[in-house]
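A.B. asks: With the input below, show me the fold.
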Amino acid sequence: MDRDVDLAKRAKIIEWLKTELVDQLSHLLKGMWEGSQYKIVDGLASLIASCYILGRRLGISPRKLDEAVLDKMKQHREEGHQLEEWYGDISALEDHLRKR
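C.D. replies: The predicted model follows:
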């Protein structure tokens with residue numbers, strides 16, 4: 001019985017986190033529309049934190065998620081992603097993550 005309750009609770013938390021991501025994206029977009037740097041930073045920080053927490057709930061450690069982001073950035077850089085070619089954003093993010 002306890003196992004069923006725990007499983008239901010875990011599923012409910014994951015569903016709640018998914019709605020949080022949508023809500024936080026909405027707040028970010030509103031902040032961008034308003035031109036509020038505070039709301040933009042707050043929205044981005046909330047999205048990033050929620051992604052780490054959702055990952056944890058799904059059995060993915062923060063370290064593994066960081067490694068996956070680094071792998072994704074490497075792939076984008078090697079494929080000549082436009083953000084890398086135009087602004088160097090991909091290598092800048094890689095550099096930031098490696099220094100943490």
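A.B. asks: same for the longest helix seen in the chain, what does it pack against?
C.D. replies: Assignment by DSSP state H gives helix 2-34 as the longest helix of the chain. Counting contacts by 3 or more Cβ pairs under 8 Å, 6 or more residues apart in numbering; DSSP states H and E, helix 2-34 is packed against helix 37-57. Heads up, the C-betas are built off the backbone N, CA and C, glycines and all.
A.B. asks: in the very next helix or strand once past the helix it packs on, what's buried?
C.D. replies: On the C-terminal side of helix 37-57, the nearest following helix or strand under DSSP states H and E is helix 62-78. By 16 or more other Cβ atoms under 10 Å, the buried positions in helix 62-78 come out as 65, 73, 76-77.
A.B. asks: From the contact counts, what lies against helix 62-78?
C.D. replies: Contact here means 3+ Cβ pairs under 8 Å, 6+ apart; on that basis helix 62-78 packs against helix 37-57, helix 82-87, helix 89-99.
A.B. asks: Off-centre distance for it?
C.D. replies: Centroid displacement of helix 62-78 relative to its chain, using Cα atoms, centre = their mean, to the nearest Å, is 12 Å.
A.B. asks: Name the residues that touch that helix?
C.D. replies: By Cβ atoms under 8 Å, 6 or more residues apart in numbering, the residues outside helix 62-78 that reach it are 51-52, 55-56, 83-84, 90-91, 93-94, 97-98, 100.
A.B. asks: pLDDT weak spots in the protein?
C.D. replies: Of all residues in the chain, those with pLDDT under 70 make up the ranges 1.
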